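> Below are the sequence and a predicted model; questions follow.
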Amino acid sequence: MTDSGSNADRTSTGAVRGAGRQPVLSVRDLTISYRRGASAARAVSGVSFDLEQGDRVGLVGESGSGKSTLASAILRTLPPNADVSGSISLHGDDLLAMNRAELRRIRSTRIARVPQDPLGSLNPVFPIGRQLGDVVRAHRRVSRRETLALVEEALRQVGISDAAVKRRSYPHELSGGMRQRVMIAMALINHPELLIADEPTTALDVTVQAQVVELLRRRVAESDMTLLLISHDIGVISELCTRVMVMYRGEIVEQGPARDVLTNPQHAYTSSLIDAARGKPRAHRHGSREVTV
Ligand SMILES: Nc1ncnc2c1ncn2[C@@H]1O[C@H](COP(=O)(O)OP(=O)(O)OP(=O)(O)O)[C@@H](O)[C@H]1O
């Protein structure tokens with residue numbers, strides 16, 4: 001991850017590591033506003049960063065800081081009332097200029113998403129195996145038999161050992177943890193370069209959360225994938241991420257190696273987030289504004 005616009009100063013380490021290679025994702029001066037009637041509210045303000053191959057970057061920040069807006073811009077799923085300026089490129093390809101057909105081609109094969117709510121993302125009327133198979137066949141010319149083999153392999157890779165049976169299950173027949181495993185299988189089945197996970201464990205029981213975090217960690221490491229993980233949970237970030245970006249009111253206010261940011265935060269807001277995660281909420285000053293987390 002290289003810094004290009006943040007006001008934190010230790011992010012240059014990523015720039016050295018990525019020198020000479022094209023980043024997987026490059027975001028430059030990204031600004032996003034939502035139109036509401038005659039007015040507009042800015043949700044993301046002049047954000048710039050790079051993600052290099054294999055980077056696992058945690059995006060943290062309080063509710064409303066712009067994390068999901070940033071992720072939606074990268075996924076090209078912003079609502080029609082969003083105005084975007086700046087640039088986002090995926091291995092040099094201009095994501096913001098892509099038309100629908102181009103976006104269909106890159107979704108799942110180059111960029112994929114693990115959602116917060118698997119139930120809302122799965123189709124209730126089809127077995128999960130069929131839904132995984134549809135994702136494969138949307139992008140590859142493979143026989144039914146090959147599709148089935150790929151689906152069962154994908155399910156086994158996320159720890160679903162009785163894949164031949166489980167693939168016939170409907171979403172409502174599975175537990176929340178199982179459904180999230182299915183979503184991870186679906187996100188990875190076409191080997192994307194970049195995985196965006198938006199609060200992937202928030203909707204799960206605490207015990208299942210740990211298993212899903214471990215699964216994500218293993219699968220991302222096995223495939224040397226680039227990960228952008230949005231989370232409020234500093235614990236999840238420290239388990240999964242090598243680097244951290246902190247968003248505050250639409251800006252990236254701090255970024256750097258996870259160990260440095262989480263043990264020695266430079267920005268008062270980041271300290272508050274870490275204290276909040278340790279159960280020590282407190283108020284601090286940010287600029288002229290009083291903030292409580
Ligand atoms: N569709 C929309 N229309 C108008 N404003 C929106 C829309 N979506 C988000 N916003 C506003 O944009 C700002 C950033 O919201 P966003 O959801 O990106 O933050 P977030 O950091 O992801 O928050 P959370 O952690 O609660 O998901 C907020 O002020 C929010 O109210």
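Here it is on my side, so go on.
> Distance-wise, check the spatially closest residue to Glu152 that is not a sequence neighbour relative to the ligand.
In space, and not counting its chain neighbours, Glu152 is closest to Ala163: 4.1 Å by C-beta to C-beta, 6 or more residues apart in numbering. C-beta here means a position set from N, CA and C on the backbone, and glycine is covered the same way. When distances are taken as C-beta to the nearest ligand atom, to the nearest Å, Ala163 and the ligand turn out to be 33 Å apart.
> Neighbours of Ala163, how many?
As a burial measure, the neighbour count of Ala163 was computed by other C-beta atoms under 10 Å and equals 19.
> and what of Asp94?
Taking other C-beta under 10 Å as the criterion, the count of residues near Asp94 is 11.
> now do Glu146
The number of residues packed around Glu146, counting by other C-beta under 10 Å, is 14.
> other SSEs contacting whatever helix or strand it lives in?
For Glu146, the host element (DSSP states H and E) is helix 144-157. Taking 3 or more C-beta pairs under 8 Å, 6 or more residues apart in numbering; DSSP states H and E as contact, the helices and strands that helix 144-157 lies on are helix 128-137, helix 163-166, helix 176-188.
> Now Thr147. Nearest residue, chain neighbours left out?
Nearest residue to Thr147, sequence neighbours excluded (C-beta to C-beta, 6+ apart): Gly133, at 4.6 Å.
> thought the one you found was touching Glu146?
No - with contact defined as C-beta atoms under 8 Å, Gly133 and Glu146 do not form a contacting pair (10.0 Å).
> So what does the residue sitting nearest the centre point of the chain have for phi and psi?
The geometric centre of the chain, computed from its C-alpha atoms, lies nearest to Ile196 (C-alpha atoms, centre = their mean), at 2.5 Å. Note on Ile196: its backbone torsions stand at phi -110, psi 120 [degrees, to the nearest 10].
> which ones are touching it?
Counting by C-beta atoms under 8 Å, 6 or more residues apart in numbering, Ile196 makes contact with 71, 74-75, 111-114, 227-230.
> about what we covered before: which outside residues touch the helix holding Glu146?
With C-beta under 8 Å, 6+ apart as the contact definition, helix 144-157 has outside contacts at 129, 132-133, 136-137, 142, 163-164, 166-167, 181-182, 185-186, 188-189, 219.
> Could you check the angle it makes with helix 176-188?
For helix 144-157 and helix 176-188, the angle between their directions (axes from the mean of the first three to the mean of the last three C-alpha atoms, to 10 degrees) works out to 130 degrees.
> What residues sit buried inside helix 144-157?
If you call a residue buried by 16 or more other C-beta atoms under 10 Å, then helix 144-157 has these buried ones: 147-148, 150-152, 154-155, 157.
> quick one, it and helix 128-137 angle?
Put simply, helix 144-157 runs at 110 degrees to helix 128-137, going by the same axes, to 10 degrees.
> mind saving the C-alpha coords of helix 144-157 as PDB?
The C-alpha atoms that make up helix 144-157 are tabulated as PDB, following Å, rounded to 0.1, in the frame of the first residue of the first chain:
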ATOM      1  CA  ARG A 144     -21.900 -29.300 -16.100                       C
ATOM      2  CA  ARG A 145     -19.700 -32.000 -14.700                       C
ATOM      3  CA  GLU A 146     -16.700 -29.600 -14.500                       C
ATOM      4  CA  THR A 147     -18.900 -27.000 -12.900                       C
ATOM      5  CA  LEU A 148     -20.000 -29.400 -10.300                       C
ATOM      6  CA  ALA A 149     -16.400 -30.400  -9.500                       C
ATOM      7  CA  LEU A 150     -15.400 -26.700  -9.200                       C
ATOM      8  CA  VAL A 151     -18.400 -26.000  -6.900                       C
ATOM      9  CA  GLU A 152     -17.600 -28.900  -4.600                       C
ATOM     10  CA  GLU A 153     -13.900 -28.000  -4.500                       C
ATOM     11  CA  ALA A 154     -14.800 -24.400  -3.700                       C
ATOM     12  CA  LEU A 155     -17.100 -25.600  -0.800                       C
ATOM     13  CA  ARG A 156     -14.400 -28.000   0.500                       C
ATOM     14  CA  GLN A 157     -11.900 -25.100   0.500                       C
END
